[in-house]
Structures are given as structure tokens and as C-alpha cells.
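Trainee: need a structure here:
(2 chains)
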Amino acid sequence: MTDRNDLGTSPDEVQFRFRDDEVVDHGTVTVDACCDQTNATAVRIEPGDDARLLLPFLDRLALVEVNFPSFGDGRGYSAARILREAGYTGELRAVGDVLIDQLSHMRRCGFDAFAPDAPLDEADAERAFATWDNVYQSTVDGRRTIQELRHE
Amino acid sequence: MYKYDSYDQAMVDARVEEFRDQARRRLEGKLTEDQFKPLRLMNGLYLQLHAYMLRVAIPYGTLNSEQMTALANIADKYDRGYGHFTTRQNLQYNWIKLEDAADILADLAKVEMHAIQTSGNCIRNISSDHFAGAAHDELVDPRPYAELLRQWSSFHPEFTYLPRKFKICVIAAKKDRAAMRLHDIGIQIVEQDGEIGAAFYVGGGMGRTPMIAPMIRDFVPLDQLITYSEACLRVYNRYGRRDNKYKARIKILVHELGREEYTRQVEEEFAHMLGQGVEPPREELERLKPFFADPVFEDGTKTVDRADPDFALWVDRNTHRHKHDSYVSAVISLKPVAGIPGDATGDQMRVMAKLAKQYSFDELRIMHTQNVVLPHVKIADLHALWTQLDAADLGAPNMDTIEDMIACPGLDYCALANARSIPLAQRISEKFDTSGKTEKLGELKLKISGCINACGHHHAGHIGILGVDKKGKENYQLSLGGSEAEDVSLAKITGPGFDEDGVIEAVEKVTDVYLDKREGEERFLDTYRRIGMAPFKEALYD
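Mentor: Below is the predicted model of the structure:
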């Protein structure tokens, strides 16, 4: 039975992916549904969702999509980091209004797959991912910060 | 002061290149204006009424002569020969061409400056006490902590699309010279049982819903400063309102949740983050401190020759007690009688740069009151300094007087404004100067905003003026009793508004009430607090 919480197989085109494993195309459910269903392996987080509700289920999740209905709504960055901080290692996919100039920040917050609504220029995206040779903040991407490099 | 290393320089250079690329993609039509707008804003570029405005960051208000000179040169080359110092200790150019923006940013980068995060819904330039490192009454110099926060907040990946702009202030004296509790986060460096730490005040701000930040933690250990800030921001990023731009600042979140609940959430996030290793290594703070170490002060004359009354008045008004008794901090007023508050010409900037080099160890500060400070001036050099300032029309002896008003750019420049601020400021300054009343009134902080966004800090004025639009006409509301200092309070509106002539007359009337009712050494604010609104209302409306 399909209920309104079952979002079906993700229609998103994954344009950029920084993982070696198989692309996940499981049926994606809402956070509420994920908490109720014991077998869901792919979930989509909307901006108003509390990503921490997923923490008890991280082991069974292979894909978390974080939706950006509008690029100016930055809640998804916190959601992504929270999941990575909790040890989630599956695919973390940014979907929706994902644009060139958000890519480097999203990557730093733990996203490793990107499915923009409108395909992005490949060369512009490549440049965007490489914007920062070094970084000031310690996040979940494991990069050594400038402050750490200074005191090595 | 802080000097970039190759990492810092590379970050700023990378940002200049990124902006060039963004501008290119905008021109190629790959970015819509809606998509480009937040990007240009995060590089300080606004579209105003008549032209683009570029806002340059002056981290915690500290800059050197070379940087001030560069600002002067940009004013001459790309603007109309002047710049405007702001209440955020920054500088804005009001007549910029979009096509020059990337070149200006490149010119700024050559002197370790930028316009990064001077606008947009991100963490803005960190502000601080303009007498930091010089004041006699500070616990420590707050700027190493401000610099630590500057680096952390620059290009922060999680906090670049916040619900709304975010302003952080750091001070380290009991006296608040930076409006600390009217910031989104106000940090006060404090001492507790012999340990230095930070008190956190969160959820202050002006705008259309002014709030004084409540304290949420009285002591955060210094090796957890960034972690605690990060926790404050994360709770805001996740739960700050995004449905209504006017309710999106953190003050609304703290107010709606209540201080206790917001604090509980921050503490929970903080406990989690302590295990995430987000704090920079402790050695970094130790690396930063020497950049702000005292210059070598020399003993010398401790008094001035008061033979010249004009000079004596300027010394009394515009100098501040220094931690070394042979020095003072000297305030250069950008409020000449009938001038535009905060404006300086390129030539004046060069004069200030030269004098800073000559008399103040190559250092200048910008005040939130839109003036400039030479932080370390030998008392023995004061007369020579004043003489040169006066010759450049920079010697107005009016710090903290009614003539030293804050005024936003208002309807003369700003697309948001409902009314003009500048002409009002000019007329009031001229009126009080001509009548000689300025001196009688002593400390009286007048603050003028041209709309409810309150860039002119009218909520925090001893006397505040707010410009509104009343059926297509400029109208001004008067308020009394605000303060941005350690005795922070929000001004209360007197009653119905006035037209331009009327509000000037109203300011005159309330100052007359004060002169009539004051006791002893009371300031206007003290008298207002003692006698309340009624006598002022009576004078205004009966």
C-alpha cells in the first residue's frame, strides 16, 4: 500500500557523486514514515524536519536525501552535519534548489552526492568544489583546519 | 594588530576569484538576479536608490595607516572622493559601479582587507570596543578573541544561509562601549575565580523589534569559546523562523522559546559538540595574542597646557583615559557642525592615516558612533595632533554630545528608508552649536534612523528619532531614555510624531526640560530616568 508518506523511488538525477558504492535508488520515505517503518532504507529530510529523529535508525539507512526547496534555506546544512557527526556513513544527497555556489559548503557539511533540480555546468561545478585550498572550520569532512596546520 | 599569514591571504584571494567568477556567470546569464543577489550581498555589494553601495569590513574596527590610505584611494578612484563610516565599525562607498566591484575587492585584498560577509544572512563582521588594548579599565584585550571568531565565522559552511543576518560583538571591560547587548551574540570577557572566560548574551538587537540580549551563560571557558558559539548558531540555524523576514532574527527565537528553553537547547547542543572537536587548538589563541601586544610605551608628560581654551575643550571632550598614564586615546570626530555624520573625504582619510603613523603606532580604530580613534597618543603630542586635525576639519570637540549623533544614510541613499536622516542631523547639529547649548547639555546621545530597521540605533538613544512615512510625508517619532552602554535600556516613544521642523523643536523642548529639572551632575538620561516621561510629554504636547 502506498501512503502519502511514501515518496516512491527518487526521481532525482544524481549529477555529482563522491562515493564508490552503487547509487541507491530505494524508495524514499519521509522522516515520520522512516521512524514508523522498520524496513525503510532511504529517507528524505525536509527543511523543517529534525534530523536527530533518524539517529536510532542510521544503521539501516543507505541514503538520506536532504531537500533544499529554496537555496536560501540553510537548515539542510545543519541536518547534514548532525547525521555525519552521529556517524552516518551512507549516501548523503543534496536535492532540490542546489546551485553552484552552495556546493563547496555542502561538501564541507558532509554531502557526498548532489542531485540539482536543474543540471549544473560541469566546469563551473568542478571549480566550485575546489574553491577552498584550506579551511578555517573543523567540520565532518575531516579536513585539517588552517589553525591545525599552523601548529603542526 | 593582526597580520595575515599566507593562509589568511589565500582565503581572501580565493574569495576575490570566486566573486569574479560569480559576476561572470551572472553576466553570462547562468545566474538569475535572485540567485546572484545573496552572493553579491555576501561580498558587501548592495543596490541602493541611486547606485551600488560597497561595504568594506574593518574587523573589530581596527586598521592601520596603509589600510586607511587604501580606503582613501578607493574613495577617490571609484567613488566620489569620500566614504562613510558605519555603526558596525565598517566603511561604505555609496557610489560604486558594479563592473568596478571585483577590482575594488582586489585592491582591498592587497592590504589584507575585504568586503566579505558585510551583508547577507551570515555571520557579519565581528565588532568590539574601539578602545580595546588601550583603555585603562579593560580586563584583557578582547581582540584576540574577536580574531579567533573572525576566522571561525569566515565562510562557515553551516552558517552561510541563516534565517537572517547575525552580528557578534566582543568586549572585555565592564563599561560597554560597543552596544554589546544589542547584538545577536554579545560576548563579554570576564574573570571568575582567577580564570578568564566569556559571558554570553544572546538575542539582542534593534530593528523593528528591539530587544536587550539576556545572559545565557555567565562563564564559558576560553578553550570552548568557538564550540559554544557554534552551539548558539546551530540552534538558531535549525529553529530560527524563516516564514517571516521580520521575525527571523535570533532575538525572536530567544524571545519565543524563552531564555531558559533556548539556553537548554544550546547547552544540549554544546554538550554534543564538545565531542566533535570543533574548537581550534589552544595554541592558536596563544599565536594571536602577540599580534595585539602593547607597543613600547614611554614615560612622558602627564598633563596638557590648557592655555588655549579650544584645545583644552577638545582634550576634555575627545580624549579617553589610557592604560599608560603618559598616553590617551584620541577621538577624531567625523561630526563637524552641519556635516554628514560618519563621512570622511579621501583627503581626510589620508590625514588620519598620516597622523596615526606619526602619533599612534600606526593604528586607527573605527567607533560604532561613526568616529575614528587614534588609540595610543602621547599626551605630549596632543597639541600637535589637534592642530593638524583642526586644519583638516577633523577637530570638532563634540564626542558624546548632542552634535555627535549617529544617523543612518536615510532616504538620501537607502532604498529601505522612509525619511531623510542626514538633513535632520545637520540642522540639529547647527542649531545646538549656534545656540551654544551643546556644552551645557554635556553627554547626550542622539540617534536618528530613517526607518524602522533602526540602523541609526534610535532605540538606544538618550534621545531617539525615527523617520516614518505618514501618508506620503516624512514624519518623525521622538523617543527618550535609551542607552546602548552598560546601563542598556530601550527608548520609549513620547507620543504622536512631528514634521521635520517640529521634531527639531521637540528636541529643543526636551533638552529644556532636562536643563530645568536636572540635579547635580545628572546626564539627560539620568534625569529622564528619575523624573519619567510625564514632564517631557507635558512640554511637548500640552
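
Trainee: Give the next helix or strand downstream of the helix or strand hosting residue B:271.
Mentor: Residue B:271 belongs to helix B:259-273 when assigned by DSSP states H and E. Per DSSP H and E, the first helix or strand lying C-terminal to helix B:259-273 is helix B:282-288.

Trainee: ok so, going back, which of the residues in the helix holding residue B:271 are buried?
Mentor: Using 16 or more other CB atoms under 10 Å in any protein chain shown as the burial criterion, the residues of helix B:259-273 that qualify are B:262-263, B:265-266, B:269-270, B:272-273. Quick note: C-beta positions are derived from backbone N, CA and C, even for glycine.

Trainee: Contacting chain A as well, which ones from those residues?
Mentor: Filtering the buried residues of helix B:259-273 for proximity to chain A (criterion: CB under 8 Å from any CB of the partner chain) leaves residue B:272.

Trainee: want to throw the buried residues of helix B:259-273 into CSV with pLDDT?
Mentor: Conversion of these to CSV gives the following (pLDDT from 0 to 100):
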residue, pLDDT
B:262, 98
B:263, 98
B:265, 98
B:266, 98
B:269, 98
B:270, 98
B:272, 98
B:273, 97
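
Trainee: Residue of chain A nearest chain B, please.
Mentor: For chain A, the nearest residue to chain B under the criterion CB to the nearest CB is residue A:74, separated by 2.8 Å.

Trainee: The residue nearest to residue A:74 when sequence neighbours are not counted: neighbour count?
Mentor: Nearest residue to residue A:74, sequence neighbours excluded (CB to CB, 6 or more residues apart in numbering or on different chains): residue B:161, at 2.8 Å. Applying other CB atoms under 10 Å in any protein chain shown, we find 23 residues neighbouring residue B:161.

Trainee: Now do the SS call for residue B:161.
Mentor: With DSSP: H, G, I helix; E, B strand; the rest coil as the basis, the three-state label of residue B:161 is coil.

Trainee: Spell out which parts of chain A neighbour chain B.
Mentor: Applying CB under 8 Å from any CB, we find that chain A lies next to chain B at A:47, A:50, A:71-75, A:77-79, A:81, A:85, A:99-102, A:104-106, A:108-109, A:121, A:124, A:127, A:131-139, A:145-151.

Trainee: now these: which count as buried?
Mentor: Buried among those (16+ other CB under 10 Å): A:47, A:71-75, A:77-79, A:81, A:85, A:99-102, A:104-106, A:108-109, A:124, A:127, A:131-132, A:135-139, A:145-148.

Trainee: Name the helix or strand for residue A:66, please.
Mentor: Mapping residue A:66 onto the secondary structure by DSSP H and E places it in strand A:63-68.

Trainee: Pairing partners for that strand, with directions?
Mentor: For strand A:63-68, the paired strands and their directions (DSSP bridges) read strand A:42-45 (parallel), strand A:91-96 (parallel).

Trainee: Dump the ones you listed into JSON lines; add mean pLDDT and mean neighbour count as well.
Mentor: What follows is the strands paired with strand A:63-68, written out as JSON lines (pLDDT from 0 to 100; neighbours: other CB atoms under 10 Å in any protein chain shown):
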{"stretch": "strand A:42-45", "mean pLDDT": "94", "mean neighbour count": "24"}
{"stretch": "strand A:91-96", "mean pLDDT": "96", "mean neighbour count": "25"}
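
Trainee: Now render those strands as JSON lines, adding distance to residue B:424.
Mentor: Compiled in JSON lines, the strands paired with strand A:63-68 are given as follows (distance: least, CB to CB, whole Å):
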{"stretch": "strand A:42-45", "distance to residue B:424": "50"}
{"stretch": "strand A:91-96", "distance to residue B:424": "47"}
